[in-house]
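Trainee: quick one, what's the 3D model for this:
(4 chains)
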Number of protein chains: 2
Amino acid sequence: MVGLRERKKQRTRRALVHAALRLFNEKGYEETTIAEIAAEAEVSTRTFFSYFASKEDVIFHDSQERTGGALALLHDRMPGEPVAALLLRVVQSSLDWAGREDNFGLEEAQARLDLMMTVPALQARALHLLFDSQLQLARALREAYPDELDLVESAAVVGSLIGAVKLAAMASLTGGDPSEQVWEAVRRAAEIAVRGLHDLPGSGRGAA
Amino acid sequence: MVGLRERKKQRTRRALVHAALRLFNEKGYEETTIAEIAAEAEVSTRTFFSYFASKEDVIFHDSQERTGGALALLHDRMPGEPVAALLLRVVQSSLDWAGREDNFGLEEAQARLDLMMTVPALQARALHLLFDSQLQLARALREAYPDELDLVESAAVVGSLIGAVKLAAMASLTGGDPSEQVWEAVRRAAEIAVRGLHDLPGSGRGAA
DNA sequence: GTGCAAAATTGCAATGAGTGAAATACGCGT
DNA sequence: ACGCGTATTTCACTCATTGCAATTTTGCAC
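Mentor: Numbers count the residues shown, from 1 in each chain, chains lettered A, B, ... in the order given. Coordinates of the predicted model:
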């Protein structure tokens, strides 16, 4: 399955992402044209679109897998585990993901985050993706606790948690805090959001 | 101040919004070109862009004012009012806004909501705007309780509440529920999110 | 190795969003 | 009626994105 064909495709894909990221940070997102990215990766502009549906997609090429992990956690929840504890594990695992970044260097990860935060178009796209994943998480959570939660409740719980974490992280980030404090902000936000969940059905006792 | 000049401008603006909405619902958002909208409103395509920065903006032309109301509520909070109670009032007032819709007919309001929910580009934009307003709300909340909350906490609280409401509403909407049940979902979500806030500094006693 | 079919790449043309600048029309105060 | 300043239009241009047909590359069988 990993024939030359596949390897070559992956190489091109990476080249495109790499080139795009480099140019975005060098000249800015709007200022960089697809033609330039393609040239940098040594393919035609037309080929760019056979790898990514749009300019934005270069930035979000791996968002799929990222939510997959969270969904898996919800799916294989430990029997008897309180909702609050499970959700905190999801948050934790998500934070770990951000710490890894195998595929691309830490610099590129940072650059990407920066772009997502500053370029309005990307910010909008990021929020949209995040939102979709939240809907998926809500469905998964509901399936994990089919007798204790209905869909609206799981949605409220997931939305509350992610919403709190996201906005707190953003507030901290825009405040210019170092990643240390951003992490701490996320932790506190999660705690606040989860506070109301202790007495939620399916709990037993609190967690966190 | 209300010379012919001003009146004419407002008339054109409305004509553009009206034409756009009509065409969007008739042929779909993507399928409608700016040229068509401009033609319908009897102006040049270039003029369209002197009124709205982009195609999307026609849909969100009044989003500014909508958040203004919520910010005002936070600003004039009643002394001694618990955080939870104040936030619930914000949610309530926001729901009322959706009920009114003075500027344009109920049909158009409904059509607009439908577009925002279904067209990905608009969905993304809506989320972005919502997110920005949340940051503003967080700042306002912090100023309303300067001694009891720091920025991260207010962000967590606001994000949690809005996140819960938003996702619950969405879950209910995509489930095909009638507006009756959507309203109920929002109410329940707000309650869940607020549950953890009762023992938040500045409260005193609970509210809901 | 050769040859062939599938997959990938490319060039080209076309559509539509969005922008900049110059030319023009028009309400407004005098 | 006259001139000023702002809308509006026109024209020309850049760029994202897509459809299509031609071309090249690769996987595989003989």
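
Trainee: what residues are up against residue A:171?
Mentor: Applying Cβ atoms under 8 Å, 6 or more residues apart in numbering or on different chains, one finds that residue A:171 lies in contact with A:185, B:135, B:138, B:151-152, B:154-155. C-beta coordinates here come from the backbone N, C-alpha and C atoms, glycine included.

Trainee: so which other helices or strands are in contact with the helix or strand bottoming out on mean pLDDT in chain A?
Mentor: The helix or strand of chain A with the lowest confidence, counting by mean pLDDT, DSSP states H and E, is helix A:83-100 at a mean of 83. Using 3 or more Cβ pairs under 8 Å, 6 or more residues apart in numbering or on different chains; DSSP states H and E as the contact criterion, the neighbours of helix A:83-100 among helices and strands are helix A:63-75, helix A:120-144, helix A:151-174, helix A:179-195.

Trainee: let's see that with 6 Å instead.
Mentor: In terms of contacts (3 or more Cβ pairs under 6 Å, 6 or more residues apart in numbering or on different chains; DSSP states H and E), helix A:83-100 is packed against helix A:63-75.

Trainee: so is the helix it packs on next to chain B?
Mentor: No. For helix A:63-75, no contact with chain B is found by Cβ under 6 Å from any Cβ of the partner chain; the gap never falls below 13.2 Å.

Trainee: helix, strand, or coil at residue A:80?
Mentor: The three-state label for residue A:80, taken from DSSP: H, G, I helix; E, B strand; the rest coil, comes out as coil.

Trainee: between the contacts of residue A:171, which sits nearest residue B:7?
Mentor: Proximity to residue B:7 was ranked across the contacts of residue A:171 by Cβ to Cβ; first place goes to residue B:135, at 35.7 Å.

Trainee: report how many residues lie close to the closest one.
Mentor: 17 (other Cβ atoms under 10 Å in any protein chain shown).

Trainee: now do the least confident helix or strand of chain A against helix A:63-75, angle only.
Mentor: What separates the directions of helix A:83-100 and helix A:63-75 is an angle of 150 degrees, with axes from the mean of the first three to the mean of the last three Cα atoms, to 10 degrees.

Trainee: quick one: helix A:83-100 to chain centroid distance?
Mentor: The gap between where helix A:83-100 is centred and where its chain is centred comes out at 11 Å by Cα atoms, centre = their mean, to the nearest Å.

Trainee: what pLDDT is listed against residue A:204?
Mentor: According to the predicted model, the pLDDT of residue A:204 comes to 42.

Trainee: again with residue A:145
Mentor: Value listed for residue A:145 in the pLDDT field: 93.

Trainee: ditto for residue A:201
Mentor: The score at residue A:201 is 53. That number is its pLDDT.

Trainee: sketch out the low-pLDDT regions of chain A for me.
Mentor: In the predicted model, chain A carries pLDDT under 70 at residues A:1-4, A:99-105, A:198-208.

Trainee: and with 90 instead?
Mentor: Confidence mapping of chain A against pLDDT under 90 gives the ranges A:1-8, A:61-67, A:79-80, A:83-85, A:87-88, A:90-114, A:148, A:169-184, A:187, A:191-208.

Trainee: skip the chain neighbours and tell me the closest residue to the residue of chain A found nearest chain B.
Mentor: Per Cβ to the nearest Cβ, the residue of chain A with the smallest distance to chain B is residue A:163, at 1.7 Å. Closest residue to residue A:163 apart from its sequence neighbours, by Cβ to Cβ, 6 or more residues apart in numbering or on different chains: residue B:163 at 1.7 Å.

Trainee: circling back: of the contacts of residue A:171, which is the most crowded?
Mentor: Neighbours were tallied for each of the contacts of residue A:171 (criterion: other Cβ under 10 Å), and the maximum of 34 neighbours falls on residue B:155.

Trainee: ok, back up a step: farthest-apart pair in the contacts of residue A:171, please.
Mentor: With distance counted by Cβ to Cβ, no two of those lie farther apart than A:185 and B:135, which are 13.6 Å apart.

Trainee: quick one, the least confident helix or strand of chain A and helix A:151-174 angle?
Mentor: Comparing the axes of helix A:83-100 and helix A:151-174 via the same axes, to 10 degrees yields an angle of 40 degrees.

Trainee: tell me the helices and strands packed up against the next helix or strand after helix A:83-100.
Mentor: Secondary structure here is assigned by DSSP states H and E; on that basis, the next helix or strand after helix A:83-100 toward the C-terminus is helix A:106-118. Helix A:106-118 makes packing contacts with helix A:4-27, helix A:120-144 when contacts are defined by 3+ Cβ pairs under 6 Å, 6+ apart.

Trainee: helices or strands up against the first one?
Mentor: In other words, helix A:4-27. Under the contact definition 3+ Cβ pairs under 6 Å, 6+ apart, helix A:4-27 sits against helix A:34-41, helix A:106-118.

Trainee: outline the domain layout of chain A.
Mentor: In the domain annotation for chain A, the residue ranges read A:1-53, A:62-206 (automatic domain parsing).
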